[in-house]
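K.L.:
Give me a model of this one.
(chains A and B)
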Amino acid sequence: MLLTYLRSLLRDHAAVDDVFQETLVTAWRNLHRFDHERPFAPWLRGIARNLVLAHHRKHRRLPATCEETVLAHLDRRLDEIGRRAGDTWDEKLEALDDCLDRLPDDTRTLLDWHYRLELDTARIAARMDSNRETIKKRLQRARRRLLDCLTAKGVLGGGDPSPEVTT
Amino acid sequence: MSDQTPRPARSLDDPDRIRGDHRDSTVEPSTMDAAAVADDLLLDAILAVRATDDDASVRDRVRAACAAIDAPLATLAPISATRPTQRGRWRPLVAAAVVMAAAGLLSLLVALPSPAYATVDASLERLTSSDLTFRISVETDDATAPGGRADGRPSGFQRRFDGAILHVSGPRVVMLTTGRQDALLARGHDGTRFWSNHLPDEVESAISSRGERGIPFHQFLDAIEGDLRGLLGGLRRGYAVRRGEDETDSRDGATLRRFTGLRRAGVSERARPGSSEPGERPRRRFAGPPERFDVWIDDRGNLRRLRLSGLPGRDGGSIGDLILELVDTAPLDESIFDPASYPEIERTPVRRDGGGARSPRRDDRRPRRPS
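P.N.:
Reported below is the predicted structural model:
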């Protein structure tokens, strides 16, 4: 979950790795400050968020994706997933497999190229004889469909936030 | 979707352009409200993490953090400074005791592994880090096996692999021997290339994915070595693993822990590690992952038996179950993985890593025997 959170706020793999490590180190060093009556994951994400913001400030850039309302909504979403049944992150997101299978083949191919093969939109556009903006829109629509599917399955958007049990 | 009134996010520059980082952003904050931006970022991250981060890389991250915890903060170099271009290269562990204690905690914090996953992980990893010898057996369902087994004859898959002996010695060093017509047929991978001392027509069948002649050899190796490691990496996402009843090994009375993995719904070929890049000819292995696997692990963590059940054939039916039984853990002479150890039948490289399958018939249409 921590990794997903960082990936959503940082685009650079190396930065993700650095902040991931820094987050765990900071958490470890400040474990005595953690209130054991409260859920752990939000506390860890709080540390991560501060480090992400510090990372952006250090590089003199604060992207829109780090706006407070965006971060708050992201936190809520992760809490929702955290409350799902399952020991692991993958188990909590098991429904995603089914949602992916419901996508049309060409959309799955698009997602496969972009996420598994890590092809950027320009390369995908060249392969598909399309343009970059169209590919971006298609990816966005695919993610939207997955979001709707996960919402319909109750993975997202369900109930009041309550303390999560696992991280 | 959102429990708050959507309002436009402040119009900031496209993060793509601001950061110049190498991950291609397809999230467009300037055109979406804050909740939608957050949702899109989340899905983007979920898909990215799911596609590129396996359990091993997460463990590496945790280990690196553990190493960092043990080091004075001021001496810490950013991970990216030590390996600027690649993921997966981490500082070595220091002060084992402290680190392990930290690892225990941080593993719990980051990705609580269930005992079942952890145990199976460790045992499968031994497959590529130890010298192990397995006997292979194949069980097929006569009614469903491709090729028509109604007459009771064994399937091609069964003929090929039932009774074979598999030697494993580290990553991608394997050899399989089968006996046929009084000949020792050996096929292997010496770490860099596949080889076979078979007649070329046998090799041809080994690299052909046409027909229903069973699983081609390099595909079999992939299944044993590559796909098994893929299985390891994809264990959490691909299979629900549960511990079963302990059993006793009839050979030595050892208590074996049994774990069963059932394929999760939606896990298909597209999600498997090692799939070929779209647009290229698919590197077909089995037509899909097994429906189920069972492993029996002894108290030393050795994988005593592995059963892959419900291996799907290309027609969608099952081609049978593949069973590996550990018969020896004695160190193996590395020469047995060398094709030069089998001079009696001309060796024919089947495929080099990174290259496509090469049919020897393209170069030499006639089977050749050594003079």
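K.L.:
Only C-alpha atoms from now on, for both contacts and neighbour counts.
P.N.:
Will do.
K.L.:
mind checking the SS state of the residue nearest to residue A:151 when sequence neighbours are not counted?
P.N.:
Spatial nearest neighbour of residue A:151, excluding adjacent residues (Cα to Cα, 6 or more residues apart in numbering or on different chains): residue A:157 at 5.9 Å. Assigned with DSSP: H, G, I helix; E, B strand; the rest coil, residue A:157 falls in the coil class.
K.L.:
Residue A:157 contacts residue A:80, correct?
P.N.:
Yes: between residue A:157 and residue A:80 there is a contact at 6.9 Å, judged by Cα atoms under 8 Å.
K.L.:
what's the single longest helix in chain B?
P.N.:
The residue-count maximum for a helix in chain B (DSSP state H) belongs to helix B:34-52.
K.L.:
Quick check: buried residues in it?
P.N.:
B:34-51 (16 or more other Cα atoms under 10 Å in any protein chain shown).
K.L.:
ok, and does it reach over to chain A?
P.N.:
Yes: for helix B:34-52, a contact with chain A is found by Cα under 8 Å from any Cα of the partner chain, at B:34-35, B:37-49, B:51-52.
K.L.:
and that helix, what other elements does it pack with?
P.N.:
Secondary-structure packing of helix B:34-52 (3 or more Cα pairs under 8 Å, 6 or more residues apart in numbering or on different chains; DSSP states H and E): helix A:2-9, helix A:68-82, helix A:132-152.
K.L.:
Report the contact partners of residue B:254.
P.N.:
Taking Cα atoms under 8 Å, 6 or more residues apart in numbering or on different chains, we find residue B:254 in contact with B:248, B:298, B:299.
K.L.:
which residues does the closest residue to the second one other than its chain neighbours contact?
P.N.:
The shortest distance from residue B:298 to any non-neighbouring residue, by Cα to Cα, 6+ apart, is to residue B:256 (4.6 Å). Remark: with contacts taken as Cα under 8 Å, 6+ apart, residue B:256 is in contact with B:246, B:247, B:248, B:249, B:296, B:297, B:298, B:299, B:304.
K.L.:
go again using 6 Å as the cut-off
P.N.:
Residues counted as contacts of residue B:256 (Cα atoms under 6 Å, 6 or more residues apart in numbering or on different chains) are B:246, B:247, B:248, B:296, B:297, B:298.
K.L.:
where's the residue nearest to residue A:151 relative to residue A:119, distance?
P.N.:
Going from residue A:157 to residue A:119 by Cα to Cα, to the nearest Å gives 31 Å.
K.L.:
Settle it for me: which of these two has more neighbours?
P.N.:
residue A:157 (20 against 17; other Cα atoms under 10 Å in any protein chain shown).
K.L.:
Check that one and give its pLDDT.
P.N.:
pLDDT for residue A:157: 77.
K.L.:
Tell me the bridge partners for the residue nearest to residue B:298.
P.N.:
With DSSP bridges as the criterion, residue B:256 is bridged to residue B:247.
K.L.:
ok, now how distant is it from residue A:72?
P.N.:
48 Å.
K.L.:
quick one, phi/psi of the residue at the greatest distance from the centre of chain A?
P.N.:
Most distant residue from the mean C-alpha position of chain A: residue A:129, 29.6 Å away (Cα atoms, centre = their mean). Backbone torsions for residue A:129, taken as degrees, to the nearest 10, come to phi 50, psi 50.
K.L.:
before we move on, the earlier item: run through who's touching the longest helix of chain B.
P.N.:
A:4, A:7, A:8, A:70, A:73, A:74, A:115, A:116, B:9, B:29.
K.L.:
I'd like to know which of these is nearest to residue B:177.
P.N.:
residue A:116 (35.6 Å; Cα to Cα).
K.L.:
what's the neighbour count on the closest one?
P.N.:
20.
K.L.:
and what of the one 5 residues further on?
P.N.:
Residue crowding around residue A:121 was assessed by other Cα under 10 Å; the count is 23.
K.L.:
Verify the stated contact: it with residue A:132.
P.N.:
Yes: Residue A:121 is within contact range of residue A:132, at 5.5 Å (criterion: Cα atoms under 6 Å).
K.L.:
okay, now the domains of the chain?
P.N.:
Using chain A. Annotated domains of chain A cover A:1-82, A:88-167 [automatic domain parsing].
K.L.:
that's the wrong chain, I meant chain B
P.N.:
If you go by automatic domain parsing, chain B breaks into B:25-112, B:123-363.
K.L.:
Now do the longest one, average pLDDT.
P.N.:
So that's domain B:123-363. 62.
K.L.:
Residue B:327 reaches residue B:136, doesn't it?
P.N.:
No: the pair residue B:327 / residue B:136 is not scored as a contact, 9.9 Å apart, by Cα under 6 Å.
K.L.:
For the contacts of residue B:256, pick the one with the most neighbours.
P.N.:
Counting by other Cα under 10 Å, top hit in the contacts of residue B:256: residue B:296 with 26 neighbours.
K.L.:
Next secondary structure after the helix or strand bottoming out on mean pLDDT in chain A?
P.N.:
One helix or strand of chain A scores below all others by mean pLDDT, DSSP states H and E: helix A:89-92, with a mean of 70. Next along the chain after helix A:89-92, taking DSSP states H and E as the criterion, comes helix A:95-102.
K.L.:
what angle separates that next one from helix A:132-152?
P.N.:
130 degrees (axes from the mean of the first three to the mean of the last three Cα atoms, to 10 degrees).
K.L.:
starting at the chain centroid, how far to helix A:95-102?
P.N.:
From the chain centre to the centre of helix A:95-102 is a distance of 17 Å (Cα atoms, centre = their mean, to the nearest Å).
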